[in-house]
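>>> sequence below, structure please.
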Amino acid sequence: MRLNRFLHFFLAFTLLLGIVSCSSDNDDEQEIFYGNGFLISNEGTFGKPEGDVTFVSADLNLKQDNVFALNNGGAKLGDVLQMIAYRGENAYLLLNNSNKIQVVNRYNFKAVGQVTAELNSPRYMAFANNNMYVTNDKYGGAKYVSIYKASDGSFIKKISFTDAAERIVEAGNNIFVQNASFGFGNKISYINTSTNEVQSTITLPAGNINKIISNNQNVYAIAADAAGSYIYQISSAGSITKTTTLTGIVDAKNLEISNGKFYFSSGKSVYAMDMTATTAPSTPLFTVANSVDQYSALYGFSVINDKIFTSDSNGFTQDSKIVVYSTTGAIIRAFTSGIGSNGVYPN
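Modelled structure (predicted):
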């Protein structure tokens, strides 16, 4: 790809005219270094190999769509890009409906390998103790964590569950599995990575889990019930150590942590509060625009340092709308990404 001779003119007016996109060109082609910016995972349309990645530079002035295809001879990445994970110089692109994990160099996006063994509707993944842990949750079928050697992707074993096997995070070099999905379920399984067995099950006292994340060697779960919403802090040893009650906020979800603050959403509104606060915020930081349906408006939500990325999936009928806000709620930039943008990852 190349940027044409008028690039410097365009960049001078970036703040007024919006983000600059670059596209493939047969002449004067040069590689982009992807290690100084953000990667956006785009699911694509279910049942079609449209999943791919969008790159945006750290200053949000340069964007490139279809990153995998552009750097791998036009090859299709696959069906439903669920998430991206990193280990060393590699990025792991988990494809839910293709039942594979595509491994690429995170800086030039050249393919370096794949993992396909014992994957059945994979959902999320995490690394711990030199192993890779992947949740699998087939609708109406098996639910388990498949475990691989991180060094070569070879299969080790799987751990089966009766309840859902959804998000998975590492804390204190151990693994925590969210046994809840689509707002149903209140359990988290703690896997000891020395034995690769479930050591304990954590049951939240109130609320169904919407999301778990890891931060500073703790696990945080955001949950909700008819009475309200809650954020639970869970130690790397598997104990609930703190509960923050979000009084007056219903069905809180999309939990993120950045610079000592919780960020989460309720409906189309986004809230922020100090992690040490004992009172929930009374007003949202901002509210996103209406979308074509109730599920699209905040399909993707990521907070990275001083930037809040929101994604409107546009009903999966066209490219997603990405709006980037400051941590004060001001809009910094808006641009389009691929179909079904679901997350942003710093690279």
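>>> so which residues of the stretch 201-347 of the chain form strands?
Counting by DSSP state E, counting those that start in this stretch, the stretch 201-347 of the chain has these strands, from start to end: 208-215, 218-225, 228-235, 240-246, 253-258, 261-266, 269-274, 286-287, 300-304, 307-312, 321-326, 331-336, 341-346.
>>> distance from the shortest one to the middle of the chain?
If I follow you right, that is strand 286-287. Averaging C-alpha positions (C-alpha atoms, centre = their mean, to the nearest Å) puts strand 286-287 21 Å from its chain's average.
>>> that older thread, between the strands of the stretch 201-347 of the chain, which one is closest to residue 88.
strand 341-346 (15.0 Å; C-beta to C-beta). C-beta coordinates here come from the backbone N, C-alpha and C atoms, glycine included.
>>> quick one: average pLDDT of that closest one?
This predicted structure assigns strand 341-346 an average pLDDT of 98.
>>> so who does residue 165 touch?
For residue 165, the set of contacting residues under the criterion of C-beta atoms under 8 Å, 6 or more residues apart in numbering consists of 123, 135-137, 143-145, 177-179.
>>> let's see 7 Å
Each residue near residue 165 by C-beta atoms under 7 Å, 6 or more residues apart in numbering is listed here: 123, 135-137, 143-145, 177, 179.
>>> quick revisit: please identify the deepest-packed of the strands of the stretch 201-347 of the chain.
Neighbour counts averaged per stretch over these are highest for strand 307-312, at a mean of 25; criterion: mean count of other C-beta atoms under 10 Å.
>>> how many other residues sit next to the closest residue to residue 129 other than its chain neighbours?
Closest residue to residue 129 in three dimensions, ignoring its sequence neighbours and counting by C-beta to C-beta, 6 or more residues apart in numbering: residue 193, at 3.8 Å. Other residues lying near residue 193 total 19 when counted by other C-beta atoms under 10 Å.
>>> looking at it, residue 193 is touching residue 174, isn't it?
Yes: counting by C-beta atoms under 7 Å, residue 193 touches residue 174, with 5.4 Å between them.
>>> what residues are shared contacts of the two?
By the contact definition C-beta under 7 Å, 6+ apart, residue 193 and residue 174 are jointly contacted by residue 128.
>>> before we move on, the earlier item: can you tell me which of the contacts of residue 165 are in strands?
123, 135-137, 143-145, 177, 179 (DSSP state E).
>>> before we move on, the earlier item: and residue 103, which of the strands of the stretch 201-347 of the chain is closest to it?
Of all the strands of the stretch 201-347 of the chain, the one in closest proximity to residue 103, counting by C-beta to C-beta, is strand 341-346 (15.0 Å).
>>> what's the closest one packed up against?
Contacts defined by 3 or more C-beta pairs under 7 Å, 6 or more residues apart in numbering; DSSP states H and E place strand 341-346 against strand 37-42, strand 300-304, strand 307-312.
>>> ok, 8 Å please
Secondary-structure packing of strand 341-346 (3 or more C-beta pairs under 8 Å, 6 or more residues apart in numbering; DSSP states H and E): strand 37-42, strand 81-87, strand 300-304, strand 307-312.
>>> what does the last one contact?
So that's strand 307-312. Surrounding strand 307-312, the residues in contact under the criterion C-beta under 8 Å, 6+ apart are 38, 40, 60, 263, 270, 285, 288-289, 291, 296-303, 320-327, 332, 337, 341-342, 344.
>>> ok, now which ones touch residue 299?
Residue 299 makes contact with 311-313, 320, 340-342, according to C-beta under 8 Å, 6+ apart.
>>> which among those residues gets closest to residue 211?
Residue 211 has its nearest neighbour among those in residue 342, at 12.5 Å by C-beta to C-beta.
>>> what's the closest non-adjacent residue to the closest one?
Across the structure, with C-beta to C-beta, 6+ apart as the measure, the residue nearest residue 342 apart from its sequence neighbours is residue 300 (4.7 Å).
>>> quickly note the distance from the one you found to residue 118.
Summarising the geometry, the distance separating residue 300 from residue 118, computed by C-beta to C-beta, to the nearest Å, is 28 Å.
>>> go on, residue 323?
Taking C-beta to C-beta as the measure, residue 323 falls 38 Å from residue 118.
>>> quick revisit: I'd like the ones in strands among the contacts of residue 165 written out as JSON lines, with neighbour count added.
As requested, the ones in strands among the contacts of residue 165 are exported to JSON lines (neighbours: other C-beta atoms under 10 Å):
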{"residue": "123", "neighbour count": "22"}
{"residue": "135", "neighbour count": "28"}
{"residue": "136", "neighbour count": "23"}
{"residue": "137", "neighbour count": "22"}
{"residue": "143", "neighbour count": "23"}
{"residue": "144", "neighbour count": "19"}
{"residue": "145", "neighbour count": "26"}
{"residue": "177", "neighbour count": "29"}
{"residue": "179", "neighbour count": "24"}
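>>> surely residue 238 is in contact with residue 202?
Yes: with the criterion set as C-beta atoms under 8 Å, residue 238 and residue 202 qualify as a contacting pair; they are 5.8 Å apart.
>>> how long is stretch 219-233 from one end to the other?
Using C-alpha to C-alpha, to the nearest Å, the gap from the first to the last residue of stretch 219-233 comes to 6 Å.
>>> chain center to it, what's the gap?
19 Å.
>>> quick check: residue 250 vs residue 268, distance?
Counting by C-beta to C-beta - residue 250 and residue 268 are separated by 13 Å.
>>> sweet, I'm off.
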